[in-house]
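Novice: Output the structure for:
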Amino acid sequence: MSNGKIAGIAIGTLAIGIAIGFFIPTDSGIEQSAPTPVMQTESIDYGIDKITIGFIPSEKADELTPKAESLARFLESEFDGKVKVEVVVPSNYETIIEGLRFGHIHAAFMDTGPGWIAHDRANAEVVMAEVKEGKVGYYATVWQRADSNYSSIDEAVGNKVAFTSITGSSGFVRPMGTLVDRGLVTIEGDDIVALKQALDNSFEYHAFGGGYKAALELLLNGSVEMAFGSDIAPEKYLTPEQQAQLKKVDTLGLVPSHVFVVSDDLSSETKQHLVDSMVKLNHQDNNQILKDVYGADALLPTTAEMHIGNFGEYLDLLPGIEQATFDKKNYDAPK
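Specialist: All right, here's what the predicted structure looks like:
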C-alpha cells in the first residue's frame, strides 16, 4: 500500500440502523421511528443463567462500576430475572478479548480496534455501534498544551508522546498507523518485538496511559509533549480548567465509534434478546443509563464489516498488536 493512500472508513451503520427502524433520543439529531418489536421471554430457553459483560474503564474503575451495574440491573429486568447479569471492569482490552475467546465474558463494550480483533480472533460478533451527537464515528486527535506550538503529527517523531493503550483506536492505532503510512516510522519485522523496537526508535519517550484521561493527564503534568486520543476526550474526562490548558495539534480523520460485541457462545435467541434489550436503552425513559456509562446517545445494530469497514487496514500496518493481546503483555503502564 502506498504511503498516505489508506482508504476512508465505512460508516454505513447509521443508514442501516435508521432503515431497520427503532427509537433514537430526540436530542441525538436523528429522526425517530418506532421501536423494534422485542421477543417475549416466557417461551425462550436462554440456555444460560448468567451473562458477564465487560466494560473498559475510560475513567477510574470505581467511578465506572456503579454506572455499569445500573445497566446490568436494567438488563436483568429485561430477562425477567431469568438471567443474572454480571459486570467486570478489567484494566485492559486484552482481558476482555481473552474472556470472549474462552467463554468467561459473554458481551462487551469495546473500542474499534479491539472490537475488530475480538471479531477476527475470538469469534465475537459486533452487533451494535455507539451514536454520539448523531454520529457513528469520532475524530482521532493529537493534543498539546496550550503554550506549545506544534502543527502536525509529523512532529511527534523524536518527541515525548502519550498513547492510550496499544489497542486503542484513536489513541494508538490511527496515529501510529498514520506515521507508518507516511513513512515517518519504520517497523522492521512482523511481531510485537518489532513494533516495540519501532516505538523505542521513533520517540524520545513514549507512554501508554491506559485510557483517554490518563494519557491527557500525562500531557498536562509535563511528562509528554503530545497525547493521542479522540476529539471529545478532554470535554468528557477533564475539568474546564484542564481543558483550557490544552489545544489541538492535528486531526487525523474519522474513526468508527465504539462497539458492543457478543460472544459466539451465546445462543441466537439469547443474542437477539440481548440486542433487543440494549435497543431499549435508546428510549427516553432508559436513555440516561446508557449516557452515564460512556456518554453515548444511542446504540445502532450493525456488523463488523458494515461499521468498522477498512479501519482494519491500520491494524495491518502495526504488526504485533494481536500478539500482545493474546500473550497478555501489559503495554498500558507508563514507561
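
Novice: What average pLDDT does stretch 237-250 get?
Specialist: What stretch 237-250 shows for mean pLDDT is 96.

Novice: same question, stretch 143-152
Specialist: 97.

Novice: List the contacts of stretch 148-160.
Specialist: 142, 144, 175, 178-179, 182, 184-185, 202-206, 223-226, 247, 249-250, 252 (CB atoms under 8 Å, 6 or more residues apart in numbering). No exception for glycine: its C-beta is placed from N, CA and C like everyone else's.

Novice: Provide the strand pairings for the host helix or strand of residue 130, with the direction of each partner.
Specialist: Here residue 130 sits within strand 125-131, counting by DSSP states H and E. Using DSSP bridges, the strands paired with strand 125-131 are strand 259-262 (antiparallel), strand 298-301 (antiparallel).

Novice: Tell me the helix or strand right after the first one.
Specialist: As assigned by DSSP H and E, the chain's next helix or strand after strand 259-262 is helix 268-279.

Novice: do the last one as well
Specialist: As assigned by DSSP H and E, the chain's next helix or strand after strand 298-301 is helix 304-307.

Novice: now the angle between helix 268-279 and the strand holding residue 130, please.
Specialist: With axes from the mean of the first three to the mean of the last three CA atoms, to 10 degrees applied, the angle from strand 125-131 to helix 268-279 works out at 0 degrees.

Novice: now the residue nearest the centre of the chain, nearest residue through space, not along the chain?
Specialist: Against the mean C-alpha coordinate of the chain, by CA atoms, centre = their mean, the closest residue is residue 111 at 1.4 Å. Closest residue to residue 111 apart from its sequence neighbours, by CB to CB, 6 or more residues apart in numbering: residue 169 at 4.9 Å.

Novice: got the contact list for that neighbour?
Specialist: For residue 169, the contact set (CB under 8 Å, 6+ apart) comprises 111, 112, 113, 114, 140, 255, 256, 311.

Novice: State the pLDDT value of it.
Specialist: On pLDDT, residue 169 comes in at 86.

Novice: now do residue 10
Specialist: Looking at residue 10, its pLDDT is 41.

Novice: Correct me if wrong, but residue 166 is in a strand.
Specialist: No - looking at residue 166 with DSSP: H, G, I helix; E, B strand; the rest coil, it is coil, so not inside a strand.

Novice: thought it was touching residue 321?
Specialist: Yes - the pair residue 166 and residue 321 qualifies as a contact (CB atoms under 8 Å) at a distance of 6.1 Å.

Novice: Between those two, tell me which one has more neighbours.
Specialist: Comparing residue 166 with residue 321 by other CB atoms under 10 Å, the one with more neighbours is residue 166, at 28 against 22.

Novice: per-residue pLDDT, the more buried one?
Specialist: 85.

Novice: how much space is there between residue 217 and residue 233?
Specialist: Distance of residue 217 to residue 233, given as CB to CB, to the nearest Å: 11 Å.

Novice: do residue 109 as well
Specialist: Using CB to CB, one obtains 16 Å as the distance from residue 109 to residue 233.

Novice: for residue 104, same thing?
Specialist: Distance, residue 104 to residue 233, using CB to CB: 29 Å.

Novice: Neighbour count for the two, which is higher?
Specialist: More crowded of residue 104 and residue 233, by other CB under 10 Å: residue 233, with 25 against 15.

Novice: so residue 170 makes contact with residue 140?
Specialist: Yes - between residue 170 and residue 140 there is a contact under CB under 8 Å: 3.8 Å.

Novice: Can you pull the residues that touch both of those two?
Specialist: Contacts common to residue 170 and residue 140, judged by CB under 8 Å, 6+ apart, are 228, 229, 230, 252, 255.

Novice: those helices in the protein, which residues are they?
Specialist: 13-20, 61-78, 93-102, 112-121, 174-181, 192-202, 212-220, 233-237, 240-243, 268-279, 287-294, 304-307, 312-316, 321-326 (DSSP state H).

Novice: so of those, which one's packed in deepest?
Specialist: Sort the helices of the chain by mean neighbour count, taking mean count of other CB atoms under 10 Å, and helix 112-121 sits at the top with a mean of 25.

Novice: And that one, what does it pack against?
Specialist: Applying 3 or more CB pairs under 8 Å, 6 or more residues apart in numbering; DSSP states H and E, one finds that helix 112-121 contacts helix 93-102, strand 125-131, strand 259-262, helix 304-307, helix 312-316, helix 321-326.

Novice: Please repeat the previous calculation with a cut-off of 7 Å.
Specialist: Applying 3 or more CB pairs under 7 Å, 6 or more residues apart in numbering; DSSP states H and E, we find helix 112-121 packed against helix 93-102, strand 125-131, strand 259-262, helix 312-316, helix 321-326.
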